[in-house]
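>>> Any chance you can model this:
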Amino acid sequence: MPNNDRKDLVERARTEIMGMAKDGLAHPSSKPVIAGSVIGAFGGWALLGSWPLGLLIGLAFALWQRVK
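Model (predicted):
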């Protein structure tokens with residue numbers, strides 16, 4: 001991935017996170033990211049025995065899906 005694309009992805013992720021923090025559940029990305037976190041937590045608990053790790057993985061994946 002070229003360096004400019006990487007910076008652009010980081011900037012879009014930062015914008016999404018700031019928007020979710022400011023707007024709460026009114027932001028269009030909030031509910032899908034929360035759902036991804038819950039699914040990740042359940043999957044982490046079921047497969048890895050660690051729901052916090054699954055939650056973080058699910059959150060990161062859902063956020064990445066929103067900004068890619």
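>>> Pull the distance from the longest helix seen in the chain to the chain's centre.
For the chain, the helix that runs over the most residues, judged by DSSP state H, is helix 3-23. Relative to its chain's centre, helix 3-23 lies at 11 Å (C-alpha atoms, centre = their mean, to the nearest Å).
>>> Quick check: what element follows that helix along the chain?
Note on helix 3-23: by DSSP states H and E, the next helix or strand toward the C-terminus is helix 30-43.
>>> any idea of the angle the helix or strand just after that next one forms with helix 30-43?
Using DSSP H and E, the next helix or strand after helix 30-43 towards the C-terminus is helix 51-67. Orientation note: helix 51-67 sits at an angle of 140 degrees relative to helix 30-43 (axes from the mean of the first three to the mean of the last three C-alpha atoms, to 10 degrees).
>>> Quick check: the closest residue in space to residue 35 that isn't next to it in sequence vs residue 40, distance?
Counting by C-beta to C-beta, 6 or more residues apart in numbering, residue 62 is the residue found nearest to residue 35 once chain neighbours are left out, at 7.0 Å. Every residue, glycine included, has its C-beta placed from N, CA and C. Distance of residue 62 to residue 40, given as C-beta to C-beta, to the nearest Å: 8 Å.
>>> same deal with residue 28?
20 Å.
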